[in-house]
Structure formats: C-alpha cells, structure tokens
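Peer 1: Here is my input, please return the structure:
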Amino acid sequence: MKTEPTLILSEEDIKIKVKRIALQILETCLEDEKIVIAGIKENGATLAALISEEIKKLSDKTMVLASVKLDKKNPLQSIEVSVEPSAYKNKSLILVDDVLNTGSTLMFAAKHFLEVPLKQFKTAVLVDRNHKNYPIKADYKGISLSTSLNERVEVNFESPAKAELI
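Peer 2: Okay, the predicted model is just below:
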C-alpha cells in the first residue's frame, strides 16, 4: 500500500528558508566583496539561484553563480563546473544542494573545489535528512528532518514549489 506524500515545506516556507539562508551567508561573508554560490544540478542549482537572488536583494555584494554537474550514482567520474577556477580562487564559496542525505554528493563536489585555495568553504541545503555516511555537514540548512531510510525527500521547485516526504 503506497502512502500519500507528506508536505514538509510549502512554497511560502521555501521562500522563508531561502531568505534566512541568504541572511546567514551574508553574516558569514560580511567582509567579502564577492561571494561564489555553486549549485549541484538540477535542484541544487535552482536553490543556489534563489539564494543568490535573495542576497542581491539584501546587499550590494557581487555574486558569482556557478552550476556543478556530477553523476550522483558514480560521483568519482569527472565533475564539471560552469565557471573557471579563477572565478572562485581565494573567494568564499558556498556549495548548495537541495537535500543532504548520505553526504556523498556534497562530499565529492567539495573534493573538487578543495583543489583550489579558497578563503572559506561552506555548504547549504534546503533539507538535511541526518543520514550521513560521510563526514560532511550543512553549514546552512532550511530544515533538519529525521526520517527512516525507506523514506525519501523530494524537492520540486516548479510552481507551486514544495518539499515532500515520500
């Protein structure tokens, strides 16, 4: 018997979480003129764009928005970033994904960025499921959610945006 998805975050909830994450990033990057936000495709890139837009509304900082493409099932394969390393070298970089589950996606993407010297490196997720297999954490998170391993969280940014427990 299949159960109906449970709404975790409504479109309004997501907007509030995005604004809070943007404010936290601004607080952490107070001295920075430029902030690099790198979102893991697809939903992480969408969330990164929302956070970047919110930061632009709140400050006059220069934002560099990058997308990160990797094979989530085989993260040791090549990772593609939409900007050159010179765009984030010695800058504050925020790596963004929609859901932190086991941590493997964030961990392998983080490994890629650590090949270049950074001023600081932080991670942001909309939902932290607390099932990590890797020693990585979300510095900024919309919500922490304890779920069973059989459940999954799905984020949909199409209108109306929502996050559901399935």
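Peer 1: going forward, measure contacts between C-alpha atoms and count neighbours the same way
Peer 2: OK.
Peer 1: where do the strands sit along the chain?
Peer 2: Secondary structure of the chain (DSSP state E): strands at 6-9, 34-40, 62-69, 80-81, 92-100, 120-128, 140-144, 153-156, 162-165.
Peer 1: now stretch 58-67: how far from the chain's centre is it?
Peer 2: When distances are taken as C-alpha atoms, centre = their mean, to the nearest Å, stretch 58-67 is centred 15 Å away from the chain's centroid.
Peer 1: ah, wrong one, I meant stretch 11-20
Peer 2: Distance, centroid of stretch 11-20 to centroid of chain: 14 Å (C-alpha atoms, centre = their mean).
Peer 1: Next: stretch 147-154.
Peer 2: The answer for stretch 147-154 is 18 Å, by C-alpha atoms, centre = their mean.
Peer 1: what distance separates the start and the end of that stretch?
Peer 2: In stretch 147-154, first residue to last residue: 13 Å (C-alpha to C-alpha, to the nearest Å).
Peer 1: buried stuff in it?
Peer 2: Along stretch 147-154, these residues count as buried under the neighbour rule (16 or more other C-alpha atoms under 10 Å): 153-154.
Peer 1: same thing with stretch 27-47?
Peer 2: 29, 34-41, 43-47.
Peer 1: contacting residues around it?
Peer 2: 18, 48-49, 52, 61-70, 87-88, 91-98, 125-126, 155-157 (C-alpha atoms under 8 Å, 6 or more residues apart in numbering).
Peer 1: Leu50 contacts Ile16, correct?
Peer 2: No: using C-alpha atoms under 8 Å, Leu50 is not in contact with Ile16, being 11.2 Å away.
Peer 1: Looking at those two, which is more packed in?
Peer 2: Neighbour tally, Leu50 and Ile16, criterion other C-alpha atoms under 10 Å: the higher count belongs to Leu50, 17 against 14.
Peer 1: Distance of that one relative to Pro75?
Peer 2: 25 Å.
Peer 1: what do you get for Val36?
Peer 2: 22 Å.
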